[in-house]
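Participant: coords please:
(2 chains)
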There are 2 protein chains.
Amino acid sequence: MPTTNYPQIDPLIVDLGDRSYSIFIGSQQLAYSDLSVHIKGKQVLIVSNETVAPLYLETVTNLLHDKHVDVVVLPDGEQYKNLDTLNLIFTKLLEQKHDRGTTLIALGGGVIGDMTGFAAATYQRGVAFIQIPTTLLSQVDSSVGGKTGVNHVLGKNMLGAFYQPKAVIIDTQTLDSLPQRQFSAGMAEVIKYGLISDYAFLQWLEQNNDSLLNRNPEALRYAIERSCINKAKIVSADETEQGVRAILNLGHTFGHAIETFQQYQGSLHGEAVAIGTVIAAHMSHFAGWLSKSDLHRIQSIFRSFLLPVTPPVEMTSTDFLALMGRDKKVMDGRLRLVLLKGLGQAFVSSEFSQEDLELALNNACGEL
Amino acid sequence: MPTTNYPQIDPLIVDLGDRSYSIFIGSQQLAYSDLSVHIKGKQVLIVSNETVAPLYLETVTNLLHDKHVDVVVLPDGEQYKNLDTLNLIFTKLLEQKHDRGTTLIALGGGVIGDMTGFAAATYQRGVAFIQIPTTLLSQVDSSVGGKTGVNHVLGKNMLGAFYQPKAVIIDTQTLDSLPQRQFSAGMAEVIKYGLISDYAFLQWLEQNNDSLLNRNPEALRYAIERSCINKAKIVSADETEQGVRAILNLGHTFGHAIETFQQYQGSLHGEAVAIGTVIAAHMSHFAGWLSKSDLHRIQSIFRSFLLPVTPPVEMTSTDFLALMGRDKKVMDGRLRLVLLKGLGQAFVSSEFSQEDLELALNNACGEL
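Facilitator: Numbering: from 1, shown residues only, chains lettered A, B, ... in the order given. Purely as a prediction, here's the structure:
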């Protein structure tokens, strides 16, 4: 298993036929990127937020000296991921007379990536876009898979499109400026890849806890790359989530319920996913699919990356059940959940017992 | 050429690979449609407006007795084709807990079709939808081609997606309740198909002016079917408008400028297209591509269907030029226009002379 002195690697290719694209990962990507070669036209709109723009906007703009660059800086936070904020992007594009040949660049975390991708998918029925994710969460999750969208007051990510970027550029140095809580939230999704389909990676994460928390650049690059490879493999097999792709949502149905309950202003997405995954693990244990020691190992790894493993105290199992009815994984009234048949083996089921579900929720909410 | 007693015909198939669908055209389609067979799940949301719902909502709902049917009735008019009204559809879907297996039915004209299609394209990243267009314009235009979307205050149809319906059901009887002005506006798009690629159809339209204006059901069915066939042929060749499909926009760049100038509250879309087509015909004539007699024939056929052929008096050529700069057919700063090389022969060009453009606009605006 790799530890230091990783060789310079080729970009990772996400294979989606004529929508294939490359992910460039490294610790100096922004300083030395050939960003311009991925842009066909002359017009570019960089979409960023108030937190990220002061840090990296100038660097990115300098890479585009041969383009006509406009910028829109949005407020920072999940609570702004809605149609009103999306409209700020459209207004800027129209005011600056951007045509169908324009390219949008998402510079920021998952919220910026999701909104910019959705804006690109729908502006004049589709223009090019490039992702420059600057948080660990967006680097390992939203930069692969083509899911774009915004929230509705009645549910998270309810409006959106599947839309692929032309390229993704990941500079691990941007993580140096990331607050610890945000970093840990990103680790929740990294751990998820190990849990759903890559047991060897899960072991590596347990063993490299320290170097990752210390943000060792090589360890980070390896963790991000392996996460993206795992996700790309699943997405290539099922781009629009008709089947297997749904396993990527391990912990997300419970997690979304938490985020909706808190109106996106309490837990970070990754924190909610960590809590949700532990609930799913409990449920898998109650159903007899996961051993007690594996359950404890899951709780331990999340804790070791400084993540929460229990829901906010004010939430009840009744709150969970009500909010989960609106999840996108509901099909003709049947809730589908991602559960575990062991470490590294996730599966999707609507055949679970309601009793196990309620037991897991009662347990999580301290109602037992 | 057909006149009466048309045989019962098979549905028209729009060939788009795995996104292919059928268009059913006839004078009793709503009374006898097997609407339910085109719907996979149990949930249905019918989207209609205040004008159409009182006329046909009950008929359509009765066809769906084996489904769970919800309804949202929107205000009627192009000025409501925006993100705010779109959000009313999303809110209804979420309040009624519609999942990814739901089907949206657009019952109304082009505005309802465009908004419902866009809502279907983006609700939970894509659900099924069916079109039941009730105006002539939407029957011959927006029911084929998969263009969906809404307007932005800075430009018409600027936000949207390419998204195909599962089926289109056209009942020519719904045209009996259509006001004359709306009917004529629809004829503008019918005439357009003759002008761009079907000279024989143009001749037929000239010869059947009376029976169409009297809404003879067989003449209507033939005109609608031949329009849809023409459009389907072009769309199948170029689904996302990379090339040839753009000829369908004959008259539309000028027409959109008129509609934007009037903030969508003056001319009907078809009226604006009629005026725009006559401007494009003048420009083609000034460029030496279209004879004077063909130009006059174009003006005559629009007039014979009670359509306007000159812009609103308050509009100047300067207004046109400013508004056309924001058209979707602009590519890297070059405006592309659809022009005529004769009757039935449209082509797209960005190589026209600016002088011919300004001459045509000066002429149209009475500035010569």
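Participant: the strands in the stretch 151-300 of chain A, which residues?
Facilitator: Taking DSSP state E, counting those that start in this stretch as the test, the strands found in the stretch 151-300 of chain A are A:155-162, A:167-171.
Participant: how close does the closest residue to residue A:30 other than its chain neighbours get to chain B?
Facilitator: Nearest non-adjacent residue to residue A:30, counting by C-beta to C-beta, 6 or more residues apart in numbering or on different chains: residue A:171, 4.2 Å away. To be clear about C-beta, it is placed using only N, CA and C from the backbone, and glycine gets the same treatment. Distance of residue A:171 to chain B, computed by C-beta to the nearest C-beta, to the nearest Å: 28 Å.
Participant: does residue A:171 touch residue A:23 like I think?
Facilitator: No: between residue A:171 and residue A:23 there is no contact under C-beta atoms under 8 Å: 11.8 Å.
Participant: rewinding a little: so which of the strands of the stretch 151-300 of chain A is the most surrounded?
Facilitator: strand A:167-171 (a mean of 26; mean count of other C-beta atoms under 10 Å in any protein chain shown).
Participant: only alpha carbons, please: show that strand as CSV.
Facilitator: Provided in CSV are the C-alpha atoms of strand A:167-171 (Å, rounded to 0.1, in the frame of the first residue of the first chain):
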residue,chain,number,x,y,z
ALA,A,167,-13.0,18.3,-17.0
VAL,A,168,-12.4,18.2,-13.2
ILE,A,169,-9.3,19.8,-11.7
ILE,A,170,-8.5,18.8,-8.1
ASP,A,171,-5.7,20.7,-6.3
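Participant: list of residues touching that strand?
Facilitator: The contact list for strand A:167-171 (C-beta atoms under 8 Å, 6 or more residues apart in numbering or on different chains) reads A:21-31, A:33, A:35, A:38, A:130-134, A:139, A:143-144, A:224.
Participant: mean confidence for stretch A:300-315?
Facilitator: Mean pLDDT, stretch A:300-315: 97.
Participant: how far away from the center of its chain is it?
Facilitator: Offset of stretch A:300-315 from its chain centre (C-alpha atoms, centre = their mean, to the nearest Å): 18 Å.
Participant: do stretch A:275-285 as well
Facilitator: Put simply, stretch A:275-285 sits 19 Å off its chain's centre (C-alpha atoms, centre = their mean).
Participant: point me to the residue of the stretch 1-150 of chain A nearest chain B.
Facilitator: residue A:94 (3.8 Å; C-beta to the nearest C-beta).
Participant: can you get me a residue count around that residue?
Facilitator: Residues within reach of residue A:94, counting by other C-beta atoms under 10 Å in any protein chain shown, total 18.
Participant: what distance do you get for it to residue A:185?
Facilitator: Separation of residue A:94 from residue A:185 (C-beta to C-beta, to the nearest Å): 35 Å.
Participant: just to revisit the earlier point, which one is the residue of the stretch 1-150 of chain A closest to chain B nearest to, not counting chain neighbours?
Facilitator: Nearest non-adjacent residue to residue A:94 (C-beta to C-beta, 6+ apart): residue B:154, at 3.8 Å.
Participant: next, give phi and psi for the one you found.
Facilitator: phi -90, psi 0 (degrees, to the nearest 10).
Participant: wait, a strand at residue A:107?
Facilitator: Yes: the assignment for residue A:107, made by DSSP: H, G, I helix; E, B strand; the rest coil, places it in a strand.
Participant: circling back to that earlier point, narrow the contacts of strand A:167-171 to those in helices?
Facilitator: Assigned to helices by DSSP state H, the following of those qualify: A:29, A:30, A:31, A:224.
Participant: how is residue A:314 assigned, secondary-structure-wise?
Facilitator: coil.
Participant: what is the neighbour count of the closest residue to chain B within the stretch 151-300 of chain A?
Facilitator: The nearest approach of the stretch 151-300 of chain A to chain B comes at residue A:154, 3.8 Å away (C-beta to the nearest C-beta). Per other C-beta under 10 Å, the neighbour tally for residue A:154 reads 14.
Participant: so it sits against residue B:92, correct?
Facilitator: No: Residue A:154 lies out of contact with residue B:92 (C-beta under 8 Å); the separation is 10.2 Å.
Participant: setting aside sequence neighbours, what's the nearest residue to the spatially most central residue of chain A?
Facilitator: The residue lying closest to the centre of chain A (C-alpha atoms, centre = their mean) is residue A:141, at 3.1 Å. Take residue A:141 and drop its neighbours on the chain: the residue closest to it by C-beta to C-beta, 6+ apart is residue A:189, 4.6 Å away.
Participant: for the one you found, what are its contacts?
Facilitator: So residue A:189 contacts A:137, A:140, A:141, A:227, A:270, A:273 (C-beta under 8 Å, 6+ apart).
Participant: what of residue A:121?
Facilitator: Contacts of residue A:121 (C-beta under 8 Å, 6+ apart): A:148, A:160, A:161, A:163, B:161.
Participant: now flag whichever of these is closest to residue A:111.
Facilitator: Nearest to residue A:111 among the contacts of residue A:121, counting by C-beta to C-beta, is residue A:148 at 11.2 Å.
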